[in-house]
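Undergrad: Give me the fold of what follows.
(one chain, ligands or ions: 3)
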Amino acid sequence: MEPEIPRGQANLSSRDLPDPQKVREVQEDYLEKKRPLIIIGPMAAGKSYIGTHFARFYGFSFVDADHLIVEKYGPISEIFEERGEEFFRKVEAEVISEVLTSPHFRNCVFSLGGGAPMSDAVARLLRGEQVVYIQVDAETVRPRIEHNKNRPLLQPHPVQKWSEIFEQRAHRYEELASYILDARGGRPITEMAAELYEFLQKERSEEDINE
Ligand SMILES: Nc1ncnc2c1ncn2[C@@H]1O[C@H](COP(=O)(O)OP(=O)(O)OP(=O)(O)O)[C@@H](O)[C@H]1O
Ligand SMILES: O=C(O)C1=C[C@@H](O)[C@@H](O)[C@H](O)C1
Ligand SMILES: [Mg+2]
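TA: Numbering: from 1, shown residues only. Ligands and ions are numbered 1, 2, ... in the order given. Below you'll find the model as predicted:
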């Protein structure tokens, strides 16, 4: 399926945006610690939506593994069709490894494809990193996927297939998560971004204590 750039800007007023001083604190921490914030979760959970908005609020760059794959190899649906899922998983793991080991991408919010954490090689790269799992349920994603024809793994019954795949993957998402962000019901982005920010601040103070 083609990675989606989230449509529709969230409707924000200046009151919704974070305090600039706090933004600077979080950025300085990131620049110093040089760790990307990694986002995982099932298809259509809102990884790109939450990741792009969070990155914009706090001044980080946003990197999406699916986008990098498309840039290098062309549309995901064509990769699946012409070269198969195994090939896709191989390039997916390569791209993720490149990002996580490159100094160029250190200060970023990095969203992974829904199936990426299932690879043991990718899971090894994620252990010990700051990983946020975007948790949703079938009812939350239903309107986002029910008429979708482009996601190869969800055909021919998107919601049913989503639920089956989710069941196989939920345990891995939970196991890798340093933070679980409840995104059920399509919560407002400002509320979720603020919650993520709290998590980063808490991580930072715990790391400071342990240093
Ligand atoms: N909390 C939310 N409120 C409103 N719309 C949302 C929310 N979360 C996601 N969406 C919308 O749902 C759709 C899917 O979200 P998004 O593309 O971010 O999911 P994803 O997890 O990145 O999926 P993919 O599997 O394609 O990578 C988008 O159109 C997005 O704008
Ligand atoms: O859940 C999955 O396995 C996938 C999710 C998408 O992000 C893409 O990475 C691809 O369509 C496979
Ligand atoms: Mg996405």
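
Undergrad: burial of the residue of the chain found nearest ligand 3, as a residue count?
TA: Here the chain gets closest to ligand 3 at one residue, residue 48, 3.4 Å apart by Cβ to the ion. C-beta: built from backbone N, CA, C; applies to glycine. When counting by other Cβ atoms under 10 Å, one arrives at 20 neighbours for residue 48.

Undergrad: so it makes contact with residue 55?
TA: No. Judged on Cβ atoms under 8 Å, residue 48 makes no contact with residue 55 at a distance of 10.3 Å.

Undergrad: just to revisit the earlier point, checking my notes, the residue of the chain closest to ligand 3 in a strand, right?
TA: No. Using DSSP: H, G, I helix; E, B strand; the rest coil, the assignment for residue 48 is helix, not a strand.

Undergrad: top strand in this protein by residue count?
TA: strand 130-135 (DSSP state E).

Undergrad: quick revisit: so how far is residue 124 from the residue of the chain closest to ligand 3?
TA: Separation of residue 48 from residue 124 (Cβ to Cβ, to the nearest Å): 24 Å.

Undergrad: Using the three-state scheme, assign residue 181.
TA: Under three-state DSSP, residue 181 comes out as strand.

Undergrad: Okay, it and residue 98: tell me how far apart.
TA: 26 Å.

Undergrad: and those two? which has more neighbours close in?
TA: residue 181 (22 against 14).

Undergrad: so that one sits right up against residue 134, yeah?
TA: Yes. With contact defined as Cβ under 8 Å, residue 181 reaches residue 134; the gap is 5.5 Å.
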